Structure formats: structure tokens, C-alpha cells
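# Just need the structure, nothing else, for what follows:
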Amino acid sequence: MKKLLFILFCGVSAFVPTARRSFQHSISSSSLNAVTPASLSSPLRIGTRGSPLALAQAYLTRKLLQESFPELLDQGALEICVMKTQGDMILDKSLMELGGKGLFTKELDVALLNDEVDICVHSMKDVPTWLVEKTILPCMLEREQTNDAFITADNKYTSIKDLPDNSVIGTASLRRQAQIMSQNPTLKCVNFRGNVQTRLRKLDDGVVDATLLAIAGLKRMDMQDCASAILEWDEMLPAVAQGAIGIQCRSDDSRAQHYLEKLNHADTKICVDCERAFLEALDGNCKTPIAGQARIEGGKIKFDGLIAMPDGSKKYTITATGEIADALKIGKDAGESLKEQAGEQFLKMMVEMSPQAVL
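Numbering: from 1, shown residues only. Sure thing, here's the model as predicted:
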């Protein structure tokens, strides 16, 4: 594989549909200097996708590394390496058609294995439950709020139930689609691809009546004011690992692991590992409407999970509580329990059924 080019981004604000949706992480000349290769023979290279949200997460990672390790403040000590993934480049097909998970990580995996980057920063909900050989995920940054934001033009509506019958909602997520249509089967969900700014511009242009985005991503770009409302879990259970940033490295790279160990947020990792165990038990991906969230309360771990038909016609839910040390088992057992409740035919139909058009 050819050496990946380092892509420098500018004018990110050009993607913003309105002034109130400004992206505060635009790259100044000073920040570019901070990630330009310099005299150091071995900078720590941070791999990331090139979307505004992915860049915001990479810059957060850089900031935390520099705060924890003064030597990384030196000129050229850190390098941000930006690359496009298949999921970023193909926007005229649904994630289901493209093959589900791994669409936003494969190119980063290859760069990591080819020693073109040292660590990769991921939105954890995009990461498959399996990792490529010789890589590990030792670090989760402290999690942001996990809820979904409900967004309508001019904040006309503040909940799904307020939408008039036959309204059109833009979302690429079968999880969101299933929970939306279970509340009102007349609502139409259309596949909404592109980065946050692109989706908000489509909403402003009247392509759809509403859309949903993770509030975590909006907060990381200082765009939380875009939200008409933040949906509670009983209205819209979030995706497995939503709101979490994970950092991957090679399993034999002791230097990278040394840096990442300091950044890891233990409670976040426990909860995300529990949720991913649930997803793995269900063999879940972008082709399946699955939701799952874990939280630590009162010294216990509490988990809520859901599987549903894409049209919302039927769904199964589960709640489990247990010892924090048993987080992986709790997640796995919850997944196995839902599989047994739903039955093989339901799971087969859940994968095959996808009533979405692509916009």
C-alpha cells in the first residue's frame, strides 16, 4: 500500500449550513504547525478520518496527550494523519448495502498495520466487535452524553410524537428508524448519509422534516444548540458505544500503550465493553436495529438492550443489573437472552428487512 498522504484541511466552516451551526474546531495556521512533522525522528502519529467530527476527536486526543505528557508539547512530537475511508467516500448507498460495520475503520486498520500511524482515533459505535490481528483497543476517553438529539428546522417540533403523520425523517440508522416507526408507523425514514454539516444543510433545505444525531458529536463540535430536544432513553435508546471515543494501537507497540494507558477512562471502558459484548452475542452490525447502553450506578452496572424489526412492528427489550466485575458477562448474557426470546426467524427477518430510500 502506498504511503498515505497527510491531508491538511481548511475552510471547514464552508460546510456549515447556518451561522448557528458553526464548527468551532476550524484549523488555524498555528494548529497546523502543531501537527506538522518536524525534526523529531519518531513523532507519535495519530490516524483519523477527515470529517469535521473525526478531526475534533483527533484534536481532543492530541490535547489530552499533551496535557498528560509534557514532552509531547515539543514541536513535531505529534502528527495527525488524515485519511478517507470507504464509508466516507460512498454516500449514495446505505450502510446496509455497503456491508455494515468496518466501513469507517478498514483504511485506518491498514495504516496501523503498515506502520503508517501509531494510534487510531475512532468513534466507538463505528468499530466492529472484532479487531484486526495484532491490534488492540486499550483506551476509551471519558464518555460524552450518549443520548440522541432530535432536530427540526427552526425547532418546530421537540419530540417524535409531535411530528405530523407522514412526516419524513432523515437517518442512516436502522436502530433509529425502528424506534421512530414503532412510535408512529406513518412516519417515513429515508437514508441520510454524509457528515453532520451535510445532514443539517439537507434539513435546512427542506429535504426532510427532521433528523437525529448523537448529541455527543454535536457537543464535540460546539454545535449542541442545533438540537431541538435531547431524547431520553425510553424514547430512543442509543447505539452500542455511542458517545465513546476509542483509541487503537498495535499490540506490540509499548510506547503507544504507555501513552494510552494514562488516557483511559476506566468506567467508560467497562460500560462500552459490556455493550460490545451484547452486540457481539447478537452478531450485530449496521444491517441490524440494535441498541444497548450500560451505566454504573451505586456500585453496580446496569444495562438496557433492544432489538427490533426495521419497520418498528416488533421489538424485544431487556434490562440487567450486576457486579461491575461481571460487565462482559452481563452484556453477553443479555444478548443471548434476547436471541432466545426473539427466535431465529425474527433475527433472520430483522436482517433482511430494510424499507429505506437513499437521499
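
# and residue 343, how many neighbours?
Counted with other C-beta atoms under 10 Å, residues neighbouring residue 343 total 11. The way it works is simple: take the backbone N, C-alpha and C, and place the C-beta from them, glycine included.

# Distance of it relative to residue 350?
The span separating residue 343 from residue 350 equals 11 Å under the rule C-beta to C-beta, to the nearest Å.

# Also residue 245?
Relative to residue 350, residue 245 is positioned 29 Å away (C-beta to C-beta).

# When these two are compared, which one has more neighbours?
Counted by other C-beta under 10 Å, residue 245 and residue 350 do not tie: residue 245 has more neighbours, with 28 against 24.

# Got the phi and psi for that one?
The phi and psi torsions at residue 245 (degrees, to the nearest 10) take the values phi -110, psi 120.

# same check, this time on residue 298
With angles defined as degrees, to the nearest 10, residue 298 shows backbone torsions of phi 60, psi 30.

# pLDDT wise, what is it at?
For residue 298, the pLDDT comes out at 96.

# ok, it - contacts?
Listed by C-beta atoms under 8 Å, 6 or more residues apart in numbering, residue 298 has no contact partners.

# any idea how far it lies from residue 321?
10 Å.

# Equivalent analysis for residue 173, please.
Distance from residue 173 to residue 321, counting by C-beta to C-beta: 27 Å.

# again, but for residue 251
Applying C-beta to C-beta, one obtains 33 Å for the distance of residue 251 from residue 321.

# burial count for residue 159?
What residue 159 shows, counting by other C-beta under 10 Å, is a neighbour count of 16.

# again, but for residue 164
Count around residue 164 with other C-beta under 10 Å applied: 10.

# For it, pull up the helix or strand it's in.
When elements are defined using DSSP states H and E, residue 164 is found to belong to no helix and no strand.

# From residue 210, how far off is it?
When distance is defined by C-beta to C-beta, residue 164 is 11 Å away from residue 210.

# swap in residue 292?
In this structure, residue 292 lies at 24 Å from residue 210, with C-beta to C-beta as the measure.

# Just want to know which of these two has more residues nearby.
Taking other C-beta under 10 Å, residue 292 and residue 210 do not tie; residue 292 has more neighbours (29 against 23).

# Surely the more buried one is in a strand?
Yes. Using DSSP: H, G, I helix; E, B strand; the rest coil, the secondary structure at residue 292 is a strand.

# who's in contact with it?
237, 239, 240, 275, 278, 279, 303, 304, 305, 306, 331, 334.

# okay, now the first one: neighbour count?
So the one you mean is residue 237. By the measure other C-beta under 10 Å, the count of residues near residue 237 is 26.

# My read is that it contacts residue 289, right?
No. Shown here, residue 237 and residue 289 do not form a contact pair, counting by C-beta atoms under 8 Å, at 10.4 Å.

# Where does residue 212 sit, in terms of helix or strand?
When elements are assigned from DSSP H and E, residue 212 belongs to strand 210-214.

# that older thread, using a markdown table, lay out the contacts of residue 292 together with secondary structure.
Formatted as a markdown table, the entries for the contacts of residue 292 read as follows, by three-state DSSP:
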| residue | secondary structure |
| --- | --- |
| 237 | coil |
| 239 | coil |
| 240 | coil |
| 275 | helix |
| 278 | helix |
| 279 | helix |
| 303 | strand |
| 304 | strand |
| 305 | strand |
| 306 | strand |
| 331 | helix |
| 334 | helix |
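
# Residue 49: which of those is nearest?
residue 239 (17.5 Å; C-beta to C-beta).

# Neighbours of the closest one, how many?
Taking other C-beta under 10 Å as the criterion, the count of residues near residue 239 is 26.

# now residue 342: how far from residue 61?
Distance, residue 342 to residue 61, using C-beta to C-beta: 38 Å.

# Between the two, tell me which one has more neighbours.
Neighbour totals were compared for residue 342 and residue 61, and residue 61 leads with 24 against 19 (other C-beta under 10 Å).

# What angle do strand 210-214 and whatever helix or strand the more buried one lives in make with each other?
Here residue 61 is covered by helix 52-68, with elements defined by DSSP H and E. Between helix 52-68 and strand 210-214, the angle comes out at 20 degrees (axes from the mean of the first three to the mean of the last three C-alpha atoms, to 10 degrees).

# Low-confidence bits of the chain, can you list those?
For the chain, residues meeting the criterion pLDDT under 70 lie at 1-41, 85-104, 284-287, 353-359.

# how about the helices of it, start to end?
When secondary structure is read from DSSP state H, the chain shows helices at 29-34, 52-68, 86-89, 95-98, 106-113, 174-183, 196-204, 215-220, 254-263, 266-281, 327-342, 344-352.

# Which secondary structure elements does the last one sit against?
Pointing back at helix 344-352 there. For helix 344-352, the packing partners by 3 or more C-beta pairs under 8 Å, 6 or more residues apart in numbering; DSSP states H and E come out as strand 300-308.

# Which elements pack onto the strand it packs on?
So strand 300-308, by 3+ C-beta pairs under 8 Å, 6+ apart, packs with helix 174-183, helix 266-281, strand 290-297, strand 315-323, helix 327-342, helix 344-352.
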